[in-house]
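Visitor: Below are the sequence and a predicted model for it; my questions follow.
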Amino acid sequence: MSIAIAARSALPLLLVAPLLIACGQQQPPAAAPPPPSVTVATPVKRTITDMDEYVGRFIAVDSVEMRARVSGSLEKVHFSDGQLVKQGDLLFTIDKRPFQNALDQAKANLAQARANLAFAESDLARAAQLVRERTISEQVFEQRTQTKRTADATVAAQEAAVRQAALDLEFTELRAPIAGRIGDRRVSPGNLVTGGNGGNTTLLATIVSTDPIRFEFTFDEASYLRYERMGSKSKEAANRGKGVPVTLKLIDEKDFGHDGKIDFVDNVIDRSSGTIRGRAEFSNAKGLFTPGMFGRIKVPGSEPYEALLVPDVAIGTEQIRKYVMVVDKEDKVAPKYVTLGDLSGDLRVIKSGLAPDDRVVINGLARLRPGIKVSPKTEAPASADAKPKTD
């Protein structure tokens, strides 16, 4: 019994002894971790033009309100609401019968006036012979001469009446003055429409041209002055930017994929807003653009210049400042604070703060802190001649 108790008392001592021996021995130091691996690249050199971006709205080149020029009963509508029409297409017909009657009556009056003129001419010819023979007096001859002049004037008046009656008859057919898209009809057949040149004429429909189409936007006075100074250096300064290429995107598009040209800049700055109106023209053969539609336009905002670009993923943010991490000759990283420009595809324009031979970290930023040593792997920069993607 005493032997078993002694064995149990000695067991903890046997277990603790190896631990005490181990504590007395010095452990070897842990190996230092290898420097983090990062990918670096030198900035890309490329000729860049800064672009200014504005929001605007499409407007039609031509917009026409279809109104009757003669009054009458609307007989027929020759189009479907919202369809595309060509210039000269028949759109509305007004009851022609009253105008046809007026034309027939005017023609009859003209025929009567011409018959009276023929009689007056022959009568005057006889009077000329008789006055030479002293058969009639000079007074009678003058009376017949006056009758002939009155007949001439009557014929001219009746010819004008015939032309006007024919014109009124022609106005009973309303044809499209421009090519474009017509809206919905405002009057149904059978209704009386009021025509003429007054303000109470009946609006029948509206037509807007679709191709080409214009895009209208406004820009501030400072931008206007910058554009004017840029334009003053060119030979076409008098055109005030006309013909400058621009690009556009719609609200559901990512890229500025539509090309156009500036065709007008207003001559007055709005006193209330301090902005001036500009306009660009775009092709719209597919009918994608509609008057009233919003879009965003990019306008050249500087002369072309040589710039440095780095991948946009290499840009870091420290409060309001932007920076990139660069690797020095000793393979240590340090931040460089930069001024950013426009985005050109996946590359960001750096306006200041970066040198052409800087090695910029483009991959592995999350593992870095200033001053640590890294293992850089150089990646070839993108070709400077490569065409950048469009935003």
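Guide: Looks like it came in fine. Numbering: from 1, shown residues only.
Visitor: just the helices in the stretch 151-300 of the chain please.
Guide: 221-232 (DSSP state H, counting those that start in this stretch).
Visitor: can you list the weak-confidence ranges in it?
Guide: 233-241 (pLDDT under 70).
Visitor: can you rerun that using 80?
Guide: 197-199, 231-242 (pLDDT under 80).
Visitor: quick one, strands of it?
Guide: 173-175, 180-182, 192-193, 203-208, 213-220, 245-249, 258-265, 275-282, 294-300 (DSSP state E, counting those that start in this stretch).
Visitor: any residues touching the last one, and which ones?
Guide: Under the criterion CB atoms under 8 Å, 6 or more residues apart in numbering, residues 49-58, 215, 217, 219, 227, 244-251, 256, 262, 278, 280, 289, 391 lie in contact with strand 294-300. Quick note: C-beta positions are derived from backbone N, CA and C, even for glycine.
Visitor: Of those, select the buried ones using a PyMOL command.
Guide: Selecting the buried subset of the contacts of strand 294-300 in PyMOL, with 16 or more other CB atoms under 10 Å as the burial test, is done by:
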select buried, resi 50+51+52+54+56+58+215+217+219+227+244+246+247+248+249+256+262+278+280+289+391
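Visitor: sorry, back to before: I'd like the strands of the stretch 151-300 of the chain written out as TSV, with distance to Arg348 added.
Guide: Output for the strands of the stretch 151-300 of the chain, formatted as TSV (distance: least, CB to CB, whole Å):
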stretch	distance to Arg348
strand 173-175	56
strand 180-182	42
strand 192-193	62
strand 203-208	41
strand 213-220	24
strand 245-249	19
strand 258-265	24
strand 275-282	27
strand 294-300	16
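Visitor: care to break the protein down by domain?
Guide: For the chain, automatic domain parsing gives the domain ranges 38-48+305-378, 52-61+212-300, 96-171.
Visitor: any chance of those in a markdown table, with distance to Ala68 too?
Guide: Output for the domains of the chain, formatted as a markdown table (distance: least, CB to CB, whole Å):
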| stretch | distance to Ala68 |
| --- | --- |
| domain 38-48+305-378 | 54 |
| domain 52-61+212-300 | 22 |
| domain 96-171 | 7 |
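Visitor: right, so of the ones you listed, which gets closest to His78?
Guide: Comparison of these against His78 by CB to CB identifies domain 96-171 as nearest, at 14.2 Å.
Visitor: what distance separates that closest one from the middle of the whole chain?
Guide: With CA atoms, centre = their mean, to the nearest Å as the basis, domain 96-171 stands 60 Å off its chain's centre.
Visitor: One more: stretch 203-223?
Guide: 8 Å.
Visitor: just how off-centre is stretch 53-72 within its chain?
Guide: 17 Å.
Visitor: now do the same end-to-end measure for that stretch.
Guide: By CA to CA, to the nearest Å, the extent of stretch 53-72 from end to end equals 52 Å.
Visitor: how near is Gly243 to Asp152?
Guide: Going from Gly243 to Asp152 by CB to CB, to the nearest Å gives 57 Å.
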